[in-house]
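Visitor: I'd like to go over a predicted model; first the sequence, then the structure.
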Amino acid sequence: MPAVMTFSNPRLAALDGFRVEIDEARERADIVLDRPPFNIVSMPQRDQLRLVFEALDEDARVRVIVVRAVGEHFSSGGNIKGFMEASPEHVSKLAWNIAAPARCAKPVIAANRGYCFGVGFELSLACDFRLVTDTTRYALPEQKLGQIPGSGGSARLQMMVGITRTKDIVMRSRRISAQQAVDWGIATEKVADAELEAATDALVDELRAFSPLAQRTAKKLLNDTEDSPLSIAIELEGHCYSRLRQSEDFREGVEAFHAKRPPAFKGV
């Protein structure tokens, strides 16, 4: 059974608006947004989320990280009052904190239902997989406040869907349905609302079956080459392939394939 995780870092002694659960048997950690009904993300919470991702990245018990929320909505966004109270220096770090899932070497899944607005959307965009349900709505509504997305949302979206669709979402504060998110390549998969937890469990187990070393390598390669010229991306892919060729996991994968048995990867 999952247990609530505690941290040695004093800045994480009292988590603001979320908790962390760890299931050692399933090599899984869950970051659970827990400020219902809308799971508004506070300014201090952003700093803590970064620190938690960094801690989980170093935790040998964890293979896969899930970001999910209590209740009907993932998050309606950030604490608007907090933006006015924060210093310009603090605000300048927003994108770095919310990009923590992308920097994390381990696979990160966002389980999105209901509202997924503002920083809730941006945090999800920084994850590797986004599972949505019939109730999910994505939006970057900052234009309604006389602002623009400040935590990487417009930049990540433009990489995913292009400038025309990004302008449509950002400049019109447009809400995107779950099906449209799947069609546009924003979401990984859409499931019935009642099946979100089961779909998340299944994806966690699927990812755990692969080599941790190959998974880390694939994630870093894809992130690093997202905006690279094709020739550079192919060159880097070749170097990564060559390094993995020497790994024990690759040897195990080949031997298991020929022996017609499941591989037992160790991440080395």
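Guide: Nice, I can see it. Keep in mind that what you see is a predicted model, and the values were worked out from it rather than measured.

Visitor: after the least confident helix or strand in the chain by mean pLDDT, which helix or strand is next?
Guide: The weakest-scoring helix or strand in the chain, judged by mean pLDDT, DSSP states H and E, is helix 88-91 (a mean of 68). Per DSSP states H and E, the first helix or strand lying C-terminal to helix 88-91 is helix 94-98.

Visitor: quick one: contacts of that next one?
Guide: Residues from elsewhere that reach helix 94-98, judged by CB atoms under 8 Å, 6 or more residues apart in numbering: Arg46, Asp47, Leu49, Arg50, Val119, Glu122, Leu123, Ala126, Gly150, Ser151, Gly152. Where you see a C-beta, it was placed from the backbone N, CA and C, and this is true even at glycine.

Visitor: let's have the residues you listed in a markdown table, adding secondary structure and neighbour count.
Guide: A markdown table is the format used below for those (DSSP: H, G, I helix; E, B strand; the rest coil; neighbours: other CB atoms under 10 Å):
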| residue | secondary structure | neighbour count |
| --- | --- | --- |
| Arg46 | helix | 25 |
| Asp47 | helix | 18 |
| Leu49 | helix | 25 |
| Arg50 | helix | 19 |
| Val119 | helix | 28 |
| Glu122 | helix | 28 |
| Leu123 | helix | 29 |
| Ala126 | coil | 24 |
| Gly150 | coil | 18 |
| Ser151 | coil | 27 |
| Gly152 | coil | 20 |
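
Visitor: just put those residues in CSV and tack on pLDDT and distance to Gly17.
Guide: Output for the contacts of helix 94-98, formatted as CSV (pLDDT from 0 to 100; distance: CB to CB, whole Å):
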residue, pLDDT, distance to Gly17
Arg46, 95, 10
Asp47, 94, 12
Leu49, 98, 9
Arg50, 97, 14
Val119, 97, 12
Glu122, 98, 16
Leu123, 98, 12
Ala126, 98, 18
Gly150, 90, 19
Ser151, 92, 16
Gly152, 94, 20
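
Visitor: can you list contacts of stretch 186-201?
Guide: Contact with stretch 186-201 is made by 66, 68, 109, 111-113, 125, 129-136, 138, 157, 160-161, 176, 178-179, 181-182, as judged by CB under 8 Å, 6+ apart.

Visitor: pretty sure Ala233 is touching Asn223, no?
Guide: No. In this structure, Ala233 is not within contact of Asn223 by CB atoms under 8 Å, at 11.4 Å.

Visitor: compare neighbour counts for these two and give me the winner.
Guide: The residue with more neighbours, out of Ala233 and Asn223, is Ala233; 16 against 12, by other CB atoms under 10 Å.

Visitor: I'd like the distance between that one and Arg103.
Guide: Distance, Ala233 to Arg103, by CB to CB, to the nearest Å: 19 Å.

Visitor: what does Val67 give?
Guide: Distance from Val67 to Arg103, by CB to CB: 14 Å.

Visitor: go on, Ala178?
Guide: Noted for Ala178: a distance of 27 Å to Arg103, by CB to CB.

Visitor: with neighbour numbers in mind, choose between the two.
Guide: Neighbour count, other CB under 10 Å: between Ala178 and Arg103, Ala178 has more, with 25 against 16.

Visitor: hmm, the more buried one is touching Cys116, no?
Guide: No. Judged on CB under 8 Å, Ala178 makes no contact with Cys116 at a distance of 9.5 Å.

Visitor: what do those two both touch?
Guide: Overlap of the contact sets of Ala178 and Cys116 (by CB under 8 Å, 6+ apart) consists of Thr136, Arg137.
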